[in-house]
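Trainee: Everything below, folded, please.
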Amino acid sequence: MINDAEMLTYILQNAEMGCIGVKNVRDGKMTMAMDSLLCDQLARYGKIYQTAGTMLRSRGEELHRVSPMAKAMAKMSTNRDLKRDPTSSHVAEMMIKGNTMGVNKMAQHLRDYDRTDPNITLLAKKMLDVEQEHINQLKTFL
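Mentor: You can find the predicted model right below:
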């Protein structure tokens, strides 16, 4: 079972990886519509990140962010993919893959969460919904 702090930490890190992914791909040569969508998605991830952080701090917990190594690896991978194809279509494909991983992992964590706090459950479900909505939005660019 996953406790409250572990679930909030996972939500925080999931949202942080979303922010990192969006920031990394915005270096590509995409349409203004795609860039605008990514800015909106970045704001949504940021809001969830802030909420999870606030909930962790209110419980006296430390924030455990994504490791610098994971950030560097994500940046290198994104740069490699963008050199190959910087178009909006490819960026959408990259982001859909990341969102799909986020959906799958969040669903697993939610299943394993002991659900002692309905606010945490609600935030986890919101994260799932956001990831799924991002996938649907990005499909229009494929």
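
Trainee: make it CA atoms for all contacts and neighbour counts henceforth
Mentor: Noted.

Trainee: And the pLDDT at Q50?
Mentor: We have a pLDDT of 98 for Q50.

Trainee: from here on, count from 31
Mentor: Got it, the first residue is 31 from now on, which makes the last one we talked about Q80.

Trainee: How about the longest helix anywhere in the chain, which residues are buried there?
Mentor: Ranked by residue count and defined by DSSP state H, the top helix of the chain is helix 62-88. Neighbour-count burial for helix 62-88, counted by 16 or more other CA atoms under 10 Å, picks out 64-65, 67-69, 71-72, 74-76, 78-79, 81-86.

Trainee: before we move on, what about stretch 131-144?
Mentor: The neighbour-count check on stretch 131-144 (16+ other CA under 10 Å) flags 132-133, 136-137, 139-140, 143 as buried.

Trainee: From I32, how far out is the residue most central in space within the chain?
Mentor: The centroid of the chain falls nearest to G48 when counting by CA atoms, centre = their mean (2.6 Å). According to CA to CA, to the nearest Å, G48 stands 22 Å off from I32.

Trainee: go on, L172?
Mentor: Counting by CA to CA - L172 and I32 are separated by 36 Å.

Trainee: If you count surrounding residues, which of the two has more?
Mentor: I32 (15 against 12; other CA atoms under 10 Å).

Trainee: residue contacts, the residue nearest to that one when sequence neighbours are not counted?
Mentor: Counting by CA to CA, 6 or more residues apart in numbering, I32 lies nearest to Y143, which is 4.5 Å off, once chain neighbours are set aside. Applying CA atoms under 8 Å, 6 or more residues apart in numbering to Y143 gives the contacts 31-34, 37.

Trainee: Keep only those of the residues you listed that are in helices.
Mentor: Using DSSP H, 34, 37 are the members of these that sit in helices.
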